[in-house]
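**Q** got a predicted model here, sequence first, then my questions.
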Amino acid sequence: MAGVTARRRLDPAIRRGLILDETARLVLADGLSALRMEDVARAAGVSKALVYSYFPSKGALLSALLLSEYASFQAQARAAAQGAHGLDALIRLTTRAYLAHVAARGPLIQRLLGEPQAAAALRDADGAARAATVGFFAHAIVREYPIAPERAATVADLLMGLTGAAGDHLLREGGDLCEVEDMVVEMIGAALRQVARAEKREAA
C-alpha cells in the first residue's frame with residue numbers, strides 16, 4: 001500500500017544485541033533499580049513482549065548483559081595475546097587490554113555485579129575461563145623461567161589477582177591508565193624473577 005513503510009525484520013542475534021546495548025545505556029544513565037522492561041523495549045524500538053521472548057526476566061536480561069561484557073573482554077584479551085611475542089609482551093598487552101576494558105566499561109560492570117543473579121551467572125562462567133587462562137599463562141611462564149608447572153600455575157593465578165586489583169584501583173581512584181599499566185607489568189616481572197630465584201636456590 002502506498003505511503004506505508006514495511007518494518008524491516010532484524011536478524012534475531014542483531015535484535016538481541018540491540019536490546020542489550022539499550023539496556024547498558026539505561027543502566028549507566030539511571031541505575032539498576034530504575035530499569036524497567038518496558039523502558040528497554042521503548043529504547044530498543046520493540047514491544048515488551050519481544051523483550052520477554054529473549055529475556056524472560058529482568059534478572060535474565062542483566063545476566064545476559066554482564067556475560068556479554070565478559071565475552072567482549074575475553075575476545076579482546078585473546079586478540080592481545082595473539083599479537084604478543086614472548087612473555088613480557090604477553091603480560092603487557094593483556095594487562096593493557098584488561099585495564100582499557102575496565103576504563104571503558106568498568107562502571108557498567110560494577111553496576112551489573114550489584115544484581116545477584118547476574119553476579120552468580122558471571123561466577124559460573126568465570127570458573128572454567130579463569131582455569132584456562134591460568135593454564136595459558138602458566139605455560140608461558142614455564143617457557144621463559146625455570147619454574148615448575150605447578151608453581152607457575154599458582155603464580156599465574158596470584159598475578160591475575162594483581163591485575164584485577166589494578167582495575168579496581170582505577171575505578172575507585174581514577175589515575176593514569178598507562179602509569180598503572182607500567183606498575184602492574186613491573187610488579188609481575190619482579191615477582192616472576194623472585195620466584196625463579198627462589199626455585200633455583202631450592203634446587204641447588
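**A** Thanks, I have the structure now.

**Q** quick check: Arg15 touching Ser53?
**A** No - at 9.8 Å, Arg15 and Ser53 do not qualify as touching, with contact defined as C-beta atoms under 8 Å. The C-beta positions use only the backbone N, C-alpha and C, and glycine is treated the same way.

**Q** the two: who's more crowded?
**A** The neighbour comparison of Arg15 against Ser53 (other C-beta atoms under 10 Å) goes to Arg15, with 18 against 13.

**Q** would you mind measuring from the more buried one to Ser63?
**A** 18 Å (C-beta to C-beta, to the nearest Å).

**Q** run the chain-centre distance for the helix or strand encompassing Gly189.
**A** Assigning secondary structure by DSSP states H and E places Gly189 in helix 177-203. Computed by C-alpha atoms, centre = their mean, to the nearest Å, the chain-centroid distance of helix 177-203 equals 24 Å.

**Q** who are the packing partners of it?
**A** Packing partners of helix 177-203 (3 or more C-beta pairs under 8 Å, 6 or more residues apart in numbering; DSSP states H and E): helix 87-112, helix 149-173.

**Q** point out where this protein drops to low pLDDT.
**A** 1-10 (pLDDT under 70).

**Q** and if we set it to 80?
**A** 1-10, 204 (pLDDT under 80).

**Q** quick check: longest helix of it.
**A** helix 116-144 (DSSP state H).

**Q** now the angle between helix 87-112 and that helix, please.
**A** Taking axes from the mean of the first three to the mean of the last three C-alpha atoms, to 10 degrees, one finds that helix 116-144 is oriented at 170 degrees with respect to helix 87-112.

**Q** counting neighbours, show which residues of helix 116-144 come out buried.
**A** Counting neighbours by 16 or more other C-beta atoms under 10 Å, one finds that the buried residues in helix 116-144 are Ala118, Ala121, Leu122, Ala125, Thr133, Val134, Phe136, Phe137, Ala138, Ala140, Ile141, Val142.
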